[in-house]
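1. with the sequence up front, the predicted model follows.
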Amino acid sequence: MLTDLGVDFEDLGTVSEESVDYPDYARKVAEQVAHGQVEQGLLVCGSGTGMAITANKVPGVRAAVAWSEETAQLARQHNDANVLAIGARTTPATEIPKIVRAWFSTDFEGGRHAARVAKISEVEQSY
């Protein structure tokens, strides 16, 4: 699907069905986003929450859990989110492609939202 959308990507794992420590993978993706190696990241785990929490620990990352097209669009439009986290166990399989398409086809609106995103960065930098 990402290829069809024209999104260049690198799959950072996992490569098996065995249990893994999701923070390891969230960190890999978040660090690539934070260091400017990629513009956006996509994380998928059971609920999406643990991945988003981990990714948000990396300065410069604004990870959002999206469970619908609308939440994906709003995260991009209003929060300039740069990492999408999806819960594979908590999101209907038929919705996941819609969420991913919405995410990658939506841009940050800027305007009044830019000042709010700047405030988010200020909070991050104060710690």
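-> That came in fine, so what should we check first?

2. residue 47 is in contact with residue 89, correct?
-> Yes - using C-beta atoms under 8 Å, residue 89 is in contact with residue 47, at 6.5 Å. Every C-beta, even on glycine, is put in place using the N, C-alpha and C of the backbone.

3. so between those two, which is more surrounded?
-> More crowded of residue 89 and residue 47, by other C-beta atoms under 10 Å: residue 47, with 17 against 8.

4. this structure: helices as residue ranges?
-> 22-34, 49-55, 69-79, 96-104, 112-125 (DSSP state H).

5. which one of the ones you listed lies nearest to residue 1?
-> helix 96-104 (5.8 Å; C-beta to C-beta).

6. and that closest one with helix 69-79, angle?
-> Here helix 96-104 runs at an angle of 20 degrees relative to helix 69-79 (axes from the mean of the first three to the mean of the last three C-alpha atoms, to 10 degrees).

7. for helix 96-104, buried residues please.
-> Residues 96, 99, 100, 101, 102, 103, 104 are the ones in helix 96-104 that count as buried (16 or more other C-beta atoms under 10 Å).

8. on that earlier part again, out of the helices of the chain, which one sits most buried?
-> When the helices of the chain are scored by mean count of other C-beta atoms under 10 Å, the highest mean neighbour count falls to helix 49-55 (a mean of 22).
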